[in-house]
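Asker: Sequence plus the predicted model coming up.
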Amino acid sequence: MDNKLIKIYHGPQHPGITGNMSVELDLLGETIKRARTHVGYLHRGFEKLIERRTVIQAFTIVCRLCVPEPDPNEENFARAVEGLVGLEISDRAKYIRVMVQEMSRIAAQMLWMGGQSGSIGMGTVGQWSLYDRDLILDLFEELTGGRVYHMYTYPGGVRRDLPDGFLGRLSELLDYFDKKLPKYDSIFFDNATFKQRAMGVGVICKDEALQNGYVGQALRGCGIKRDVRRDNPYLVYDKLEFEIPTYDGCDVYSRAMVRRAEIKESIKILRQVIEQMPAEGLIMQKIPKHRKFKLPKDDIYVASESARGEFGYYMAGDGSEKIRRMQVKGPSLIHGYTLLENLLVDEELSNVALIMNSLGICPPEIER
Amino acid sequence: MDMIKERYEVGEKSKRLFEIDIAKDSLIDTISFLMSHTDFITLSMIACADWIEDEIFVLNYVFTTSNRDKNLMLKVSISRDGEVVPTVSISSPQAEVMERDLHEMYGIVFDGNDTLYDFALEGWEGMPPLRRDFDTLEYVNENFDFKGGRDDNKDVKAEVKRRKAEAKKLKALKTEANETEANEAKEAEEVKNNG
Amino acid sequence: MNFNTIDIKGIVAPFSAIGKVFEHPKTVCYPDQTKVVSEGYRGFHTNVLADCIGCANCQEICMNDAIDMVSIDEDRNDRNKSGCIPRIDYGRCCWCNLCVDVCPPDSLKLGIECIQADADSNNFLYYPKDK
């Protein structure tokens, strides 16, 4: 056999790809010798658009940065603006925001579960988990009026108050999830097929994980306990009790188990939120000149934990009502390039989708 | 943190966010000092802001501690007309893709980074799109057509003015008509009386 | 394969999915049954013409330029100084609700109707229903 390499493009329309991106693979037989990520199929120029708009107009665009979980984006944007103008929001608004964050986290993990199981040919799990995600979206619809793009978390608070009996319905849904999770265990997480496919695949080098800026499950799957919610607490996360699950395998299976444990932690946080939420409080601070308020000439960096890792926003104001610059660093930027290109070398072709899904790569936030 | 404060002038933005202004020449030195002597080891982001009125780009290298609890922004000002910046991808490999992004969006050249080819845009020629002097509306007008059928859009302020003027005119006409009517009636009466 | 390493639970447990066969289906049979949309849903606009003052606040706040102010033939109320009402281009609208937030007489609202399908994209210009 001669050592001729075959070049194929994995994506952008491959079902195992987590969005509109492609990986250029140099193959020797079934083994990948070199991988190069290509994005650019979904470049919408959001960062430029935001520069042309006032703050209130720009806020409707940030949630569109990432489809599976728009809420960490809204949260980051709101917190960056609040940090720049020095706005303090009420406790009730903070609790509502935490609730939205955690609901969106569960929804994102459910969507991930569908992708991860689909990448190894288990269609059933995806059907179940997407149905369960829809139950959360139903609650979001009731709360915010939108199912996927909520446009709810706003600088100064949140836009609507909770509907009557909302917390009760949320509580019922959490009980349902508690019952449902063991079923997912038996068909997916404990499944012998999944274990065989996922164990020892996509092993991240633990020593360079921190320095290279890997975030989220990539770190926690290596046994490194890092979570922005705990390390650099925002909203009311310092008042809530939750664990940061870690597994030591560094492989796809560890990252999956971390995610499974995180669903449980999110349910725990939501229960505390339901218990502790203050009944009274302003949901939206009064902002003077609300439609055209001015950002000071200053800049700020904020970070929050999304379902896939740290989301960082850089925002600069210039004394006018428009934002001078807003730059987004999603977890996928580093995961999709530095990490994925390294992980795929010497892996088999059939593992590409598996590894991509386990890293939670979402191309829209790479190219913004 | 104390070690950094000894060497540099640290601006404290909040409890967990700091900033240092440094010159371009000392960028590599500062980063190697941060990475070897302090806890700020992770490069999280390179953010660039275009301050066109001062003729500078400000590059913000955001560093994060290994505990992920503090962030530090290194601010480097460079001129807007093609100043070359040394790459930091040797010490932190994730910088490679961030610099590639900035090269495409601002046209900043990073010396030592050999991946500065197309990123999200394909075959883009002309001014890099995220510079402040790039006019989005002009680009759209040149390259795309707007959908028709919306020409009946009215400027509301002009419309209010027009309607006010119209109403005034109408009122004036009405009073005039009333007056002429009254006059005519008067005249008719006079004629009748005289007759 | 060594018999001790066979993961019997992992092989048998996934078959519990068969139990789903006996459950009631979760899907909705669409044209016959429709899903109940919650009250605060953000669907097509409605506009109370008796209240609309034609101020163009909605046009000003809309970042997508989706709203045109169009003259109507007959005046619906005296406070409408401009004689215009908003018309929305659903090819551009992103249902962000900002136009509703800034409406001074609260006449513009988002309703629950949401089905938008047409062969011609020019037909997405839409006068909000009078409610």
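Answerer: Perfect, thanks for sending it.

Asker: Indicate each strand paired with the least confident helix or strand in chain C by mean pLDDT and its parallel or antiparallel sense.
Answerer: In chain C, no helix or strand scores lower on mean pLDDT, DSSP states H and E than strand C:129-130, which sits at a mean of 77. Within its sheet, and counting by DSSP bridges, strand C:129-130 is paired with strand C:45-47 (parallel).

Asker: Residues in contact with the helix or strand just after the strand it pairs with: which ones?
Answerer: Later in the chain than strand C:45-47, the nearest helix or strand by DSSP states H and E is helix C:57-61. Residues from elsewhere that reach helix C:57-61 (CB atoms under 8 Å, 6 or more residues apart in numbering or on different chains): A:56-57, A:291, B:156, C:67-69, C:86, C:98-99, C:101-104, C:108. Placement of C-beta: from N, CA and C, glycine included.

Asker: Drop anything exposed from the residues you listed.
Answerer: Among those, those classed as buried by 16 or more other CB atoms under 10 Å in any protein chain shown are A:56-57, A:291, B:156, C:67-69, C:86, C:98-99, C:101-103, C:108.

Asker: If you count contacts, what does the longest strand anywhere in chain B end up packed against?
Answerer: Secondary structure assigned by DSSP state E gives strand B:40-51 as the longest strand of chain B. For strand B:40-51, the packing partners by 3 or more CB pairs under 8 Å, 6 or more residues apart in numbering or on different chains; DSSP states H and E come out as strand A:298-306, strand A:309-317, strand A:323-329, helix B:27-37, strand B:56-65, helix B:95-106.

Asker: Present the ones you listed as JSON lines; the columns should include mean pLDDT, mean neighbour count and distance to A:Phe177.
Answerer: JSON lines is the format used below for these (pLDDT from 0 to 100; neighbours: other CB atoms under 10 Å in any protein chain shown; distance: least, CB to CB, whole Å):
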{"stretch": "strand A:298-306", "mean pLDDT": "88", "mean neighbour count": "24", "distance to A:Phe177": "20"}
{"stretch": "strand A:309-317", "mean pLDDT": "88", "mean neighbour count": "26", "distance to A:Phe177": "23"}
{"stretch": "strand A:323-329", "mean pLDDT": "88", "mean neighbour count": "24", "distance to A:Phe177": "30"}
{"stretch": "helix B:27-37", "mean pLDDT": "85", "mean neighbour count": "16", "distance to A:Phe177": "43"}
{"stretch": "strand B:56-65", "mean pLDDT": "88", "mean neighbour count": "22", "distance to A:Phe177": "33"}
{"stretch": "helix B:95-106", "mean pLDDT": "87", "mean neighbour count": "23", "distance to A:Phe177": "37"}
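
Asker: A:Leu25 against A:Val352, yeah?
Answerer: Yes: under the criterion of CB atoms under 8 Å, A:Leu25 makes contact with A:Val352 at 7.2 Å.

Asker: what residues are shared contacts of those two?
Answerer: Common contacts of A:Leu25 and A:Val352, defined by CB under 8 Å, 6+ apart, comprise A:10, A:32, A:344.

Asker: who does the first one bridge with?
Answerer: Translated: A:His10. A:Val23.

Asker: From A:Gly200, how far out is it?
Answerer: 21 Å (CB to CB, to the nearest Å).

Asker: So for those two, which sits in the more crowded spot?
Answerer: Per other CB atoms under 10 Å in any protein chain shown, whichever of A:His10 and A:Gly200 has more neighbours is A:His10, with 21 against 12.

Asker: List the contacts of that one.
Answerer: Neighbours of A:His10 in contact, by CB under 8 Å, 6+ apart: A:16-17, A:22-25, A:349, A:352-353.

Asker: For chain C, see how far away it is.
Answerer: With distances taken as CB to the nearest CB, to the nearest Å, A:His10 is found 28 Å from chain C.

Asker: min pLDDT across the buried ones among the contacts of helix C:57-61, which one?
Answerer: Lowest pLDDT within these is found at A:Arg291 (73).

Asker: Correct me if wrong: that one contacts A:Arg53.
Answerer: No: contact criterion CB under 8 Å: A:Arg291 and A:Arg53 do not qualify, at 12.0 Å.

Asker: so how many other residues sit close to the residue nearest to A:Lys239 when sequence neighbours are not counted?
Answerer: Among residues not flanking A:Lys239 along the chain, A:Gln276 sits closest, at 7.5 Å (CB to CB, 6 or more residues apart in numbering or on different chains). The burial count assigned to A:Gln276 is 13, neighbours taken as other CB under 10 Å.

Asker: what do you get for A:Gly114?
Answerer: A:Gly114: 21 neighbours (other CB under 10 Å).

Asker: Stretch A:168-178: which residues count as buried?
Answerer: Of the residues in stretch A:168-178, A:170, A:173-174, A:177 count as buried by neighbour count, 16+ other CB under 10 Å.

Asker: check contacts around B:Val58.
Answerer: Contacts of B:Val58 (CB under 8 Å, 6+ apart): B:48-49, B:51, B:75-77.

Asker: Name the nearest residue to it, ignoring sequence neighbours.
Answerer: Among residues not flanking B:Val58 along the chain, B:Ala49 sits closest, at 5.0 Å (CB to CB, 6+ apart).

Asker: now the residue nearest the centre of chain C, what's its secondary structure?
Answerer: Centroid-nearest residue in chain C: C:Gly43, 2.4 Å away (criterion: CA atoms, centre = their mean). Following DSSP: H, G, I helix; E, B strand; the rest coil, C:Gly43 is assigned to coil.

Asker: Find the residue closest to it in space, skipping its chain neighbours.
Answerer: Using CB to CB, 6+ apart, the closest residue to C:Gly43 is C:Cys114 (3.7 Å).

Asker: Quick check: which ranges of chain A have low pLDDT?
Answerer: Applying pLDDT under 70 to chain A picks out residues A:1-2, A:16, A:288-289.

Asker: for chain C, what are the nearby residues on it?
Answerer: A:53, A:56-58, A:60-61, A:124, A:131, A:138, A:141-146, A:149, A:151, A:159-160, A:163, A:183, A:185-188, A:190-193, A:195, A:291 (CB under 8 Å from any CB of the partner chain).
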